[in-house]
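J.: any chance you could fold what I've pasted below:
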Amino acid sequence: MWTQRNKTARTAPSPALCRTAILVVLLALTAAPAAAVVTGSYVGDGVDGNSITGVGFQPDFVIVKQEASGRNTVARSSAMSGDVTKSFVDGLVEFANGIESLDANGFTVGSDATVNTSGQTYHWIAFKETAGEMTVGSYTGDGLDNRSIAGFGFQPDYAIVMGGGARESVQRFQGQVGDASLEIGSSAVLSNVIQAFEADGIQVGSDSRVNQSGEPYYYVAWKEVAGTTAFGTYSGNGTDNRAITDVGFEPDYVLVKVAPSDSV
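T.: Just a heads-up that it's a prediction; the model follows:
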């Protein structure tokens, strides 16, 4: 699952999860306007076509998570056509009435419970595609192993691939060894999925989560940029109020993923 916290770099895994964890930090600083990242929240009204405005740009990637438990984190990319949204977990197909569109100054949500239950608080993060730092795109699966997906304009340090069909979304982090990658909703190490970061993109295997013949796939990728985006690892120790101090700046958004120690 995705764990987000505003304005803090602190995280404390439970003793049961004191394995190596991967820390990802994504931040837009006012001193670095090219890195367009904005976070915010809203209260659902249950009404279809609810416009969330004030983002300041037309986003290329939006993540929405209900604050209460029980609802999946969902996302939409500008590479997606029509009224479609993807759940990060549970291997669900794209669905309608979620994040319905990405607009000039924000995005519009439908009445689906993952994005707009009346009275519930939702947190969101919006990204603008930035040359050399963050990109989105799509491809159609061909079922072939060792396939290069190019045209990113940089070698990624973190990437997500979301299948349009009933597929789990997957991710690969900077520092993962071999062809290791992870499902967003699981700590099990995968192979034959996102196999490598290449000079201009990623290499995917033949696994159906990234390359089922004829199915659509959507990718999002980031490159580490000093002062705005940082990636790293730490080993859990079960201690409360533990500070992770090597980020280099105060983040607005933090993603932490636990992983077996032999995968990084």
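J.: can you show me the strands along the stretch 151-264 of the chain?
T.: Using DSSP state E, counting those that start in this stretch, the strands of the stretch 151-264 of the chain run over residues 158-163, 170-173, 181-183, 189-190, 194-198, 201-204, 216-222, 229-235, 253-258.
J.: figure out which of the ones you listed is closest to Gly82.
T.: When the strands of the stretch 151-264 of the chain are compared by Cβ to Cβ, strand 216-222 sits nearest Gly82, at 11.3 Å. Where C-beta positions appear, they are placed from N, C-alpha and C, glycine not excepted.
J.: can you list the residues that contact the closest one?
T.: 26, 61, 77, 79-80, 86, 127, 133-141, 149, 152, 154, 156-165, 201-202, 210-211, 229 (Cβ atoms under 8 Å, 6 or more residues apart in numbering).
J.: could you dump the strands of the stretch 151-264 of the chain into a markdown table with distance to Asp246, mean pLDDT and mean neighbour count added?
T.: Output for the strands of the stretch 151-264 of the chain, formatted as a markdown table (distance: least, Cβ to Cβ, whole Å; pLDDT from 0 to 100; neighbours: other Cβ atoms under 10 Å):
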| stretch | distance to Asp246 | mean pLDDT | mean neighbour count |
| --- | --- | --- | --- |
| strand 158-163 | 17 | 96 | 24 |
| strand 170-173 | 16 | 94 | 25 |
| strand 181-183 | 22 | 92 | 24 |
| strand 189-190 | 24 | 90 | 20 |
| strand 194-198 | 21 | 97 | 22 |
| strand 201-204 | 26 | 98 | 24 |
| strand 216-222 | 18 | 97 | 23 |
| strand 229-235 | 6 | 84 | 18 |
| strand 253-258 | 13 | 83 | 20 |
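J.: to Glu67, which of the ones you listed lies closest?
T.: Of those, nearest to Glu67 by Cβ to Cβ is strand 253-258, at 14.9 Å.
J.: low-confidence ranges, the stretch 1-150 of the chain, go.
T.: 1-35 (pLDDT under 70).
J.: do a quick rundown of the helices in it.
T.: For the stretch 1-150 of the chain, the helices defined by DSSP state H, counting those that start in this stretch cover 113-116.
J.: right, and Gly151 touches Gly137 too?
T.: Yes - using Cβ atoms under 8 Å, Gly151 is in contact with Gly137, at 6.8 Å.
J.: more neighbours: the two, which one.
T.: Gly137 (19 against 10; other Cβ atoms under 10 Å).
J.: gap between Lys65 and Thr135?
T.: 23 Å (Cβ to Cβ, to the nearest Å).
J.: let me see the contact set for the spatially most central residue of the chain.
T.: Closest residue to the average C-alpha location of the chain: Ile160 at 5.9 Å, with Cα atoms, centre = their mean. Residues counted as contacts of Ile160 (Cβ under 8 Å, 6+ apart) are 169-171, 184, 219-221.
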